[in-house]
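Undergrad: Can you look at this prediction? I've put the sequence above it.
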Amino acid sequence: MGIICPAVREEPSLHPLRSATPRRYLMCPPEHFGVTYTINPWMDPAKPVDVALAVAQWEDLRDRYRSLGHTVEELVPRHGLPDMVFAANGATVVDGRVLGARFAHREREAEAAVHLEWFRAHGFPSVREPVHINEGEGDFAVTASYLLAGRGFRASPLSHGEAQEFFGRPVLGLDLVDPRYYHLDTALAVLDDTTDEIMYYPPAFSPGSREVLRRLFPDALTAGDEDAAAFGLNGVSDGLHVLLPQAATGLFEPLRDRGFEPVGIDLSELLKGGGSVKCCTQELR
Ligand SMILES: CN(C)C(=N)NCCC[C@H](N)C(=O)O
């Protein structure tokens, strides 16, 4: 009788081979970071902030980007603007076109001009000072097909039309309903901007927006309560590496299963201001 070899069944790969593309980021060191007011539920001025630790954690993130081959530009922080470290809020840049920010809260208003000044000084030819309130990449996320746009807590719905007209990209408005997830990038991250691959936390969105996300992104990775509360959706992907808060442990395995390489980052000190990896990172596309 012949020997029957068990067939070796190659599992078809569920996801394409990932590759990183070099990125250019704008960051702002937290030298003047502090929690001196409350404009989101994470901020408690009674809790002390260790600025030296915040700087060390921030430098670790910056150096991680550089070691992965990305370019990091630095914005000079201003005294009296303790939230400037959250540089993603300062503008949205797509195809070299810059839509500046207009902040919802008086405490952050002055940051907008610092960003506009930086873009003008660095040769970006098309820089728009916005008419409507938008907090940069806090509420705008760029996928291959859309500009996803959050609203409900910060960005004015009118900013969505302004962005669509300026970038010439279809804007998809999404309603945020949980004050802990007050910016889109606290509840949704783009994993692959060439294929519309995202991860998100469904309860942060209204029922209708959840349905829209389910229809348009049926293969998205969805996060649970604990990972969302650890700011796990506030991650940055270069197409292969996904830098995200190290406490969002439940996301690491699902990301690996999809072929990504999660990189855990400790920004616990900056979390006291209500931000993490993505908030500190503005992408200059
Ligand atoms: C995703 N991004 C950019 C953010 N979520 N930004 C954090 C902003 C934190 C600041 N204290 C504020 O409440 O505006």
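TA: In hand now; what should we look at? Numbering: from 1, shown residues only.
Undergrad: Would you mind listing what in the chain touches the ligand?
TA: Applying CB under 6 Å from any ligand atom, one finds that the chain approaches the ligand through 39-40, 43, 83, 86, 88-89, 108, 138, 183, 185-186, 234, 273-275, 278-279. C-betas here are computed from N, CA, C, even on glycine.
Undergrad: Just the buried residues from those residues, in PyMOL please.
TA: Applied in PyMOL, the following selects the buried portion of the residues of the chain next to the ligand according to 16 or more other CB atoms under 10 Å:
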select buried, resi 39+40+43+83+86+88+89+108+138+183+185+186+234+273+274+275+278+279
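Undergrad: Among the residues of the chain next to the ligand, name the ones in helices.
TA: The helices, defined by DSSP state H, take in nothing from those.
Undergrad: Among the residues of the chain next to the ligand, name the ones in strands.
TA: The strands, defined by DSSP state E, take in nothing from the residues of the chain next to the ligand.
Undergrad: Strands of the stretch 1-150 of the chain, start to end?
TA: 24-27, 71-74, 91-94, 97-100, 126-128, 140-142, 147-151 (DSSP state E, counting those that start in this stretch).
Undergrad: For the stretch 151-285 of the chain, which segments count as strands?
TA: Counting by DSSP E, counting those that start in this stretch, the strands of the stretch 151-285 of the chain are 171-175, 188-192, 197-200, 221-222, 236-237, 241-245, 261-265, 282-283.
Undergrad: Need the contact partners of the fifth one.
TA: Applying CB atoms under 8 Å, 6 or more residues apart in numbering, the contact partners of strand 236-237 are 189-193, 242-244, 260, 277-278, 281, 283.
Undergrad: Try it again at 7 Å.
TA: Ala189, Val190, Leu191, Asp192, Leu243, Val277, Lys278, Thr281 (CB atoms under 7 Å, 6 or more residues apart in numbering).
Undergrad: now do the last one
TA: Strand 282-283 has contacts (CB under 7 Å, 6+ apart) with Arg23, Tyr25, Leu26, Ala87, Ala88, Gly90, Ala91, Val93, Gly136, Glu137.
Undergrad: try the first one
TA: Taking CB under 7 Å, 6+ apart as the criterion, the residues outside strand 171-175 that touch it are 146-152, 157, 160, 163-164, 184, 205-206, 208-209.
Undergrad: bridging residues for Leu99?
TA: Per DSSP bridges, residues listed as beta-bridge partners of Leu99: Thr92, Arg128.
Undergrad: what about the nearest residue to Leu240 once chain neighbours are set aside, distance to Ala220?
TA: Computed as CB to CB, 6 or more residues apart in numbering, the closest residue to Leu240 that is not its neighbour in sequence is Ala20, at 3.9 Å. When CB to CB, to the nearest Å is the yardstick, Ala20 and Ala220 sit 21 Å from each other.
Undergrad: out of these two, which sits in the busier spot?
TA: The neighbour count for Ala20 versus Ala220, taken as other CB atoms under 10 Å, is higher for Ala220 (17 against 14).
Undergrad: What pLDDT does the model give Cys5?
TA: If you check Cys5, the pLDDT there is 40.
Undergrad: Oops, could you answer that again for Gly224 instead?
TA: pLDDT, Gly224: 98.
Undergrad: Would you agree it is in contact with Ala248?
TA: No - between Gly224 and Ala248 there is no contact under CB atoms under 7 Å: 9.8 Å.
Undergrad: what about the two, which has more around it?
TA: Ala248 (26 against 14).
Undergrad: can you tell me which residues contact that one?
TA: By CB under 7 Å, 6+ apart, the neighbours of Ala248 are Asp227, Ala230, Phe231, Gly232.
Undergrad: Most widely separated two among those residues?
TA: Asp227 and Phe231 (8.7 Å; CB to CB).
Undergrad: Which one's more surrounded, these two?
TA: Phe231 (28 against 22).
Undergrad: Next, the contact list for that one, please.
TA: Taking CB under 7 Å, 6+ apart, we find Phe231 in contact with Thr186, Pro245, Ala248, Leu271, Ser276.
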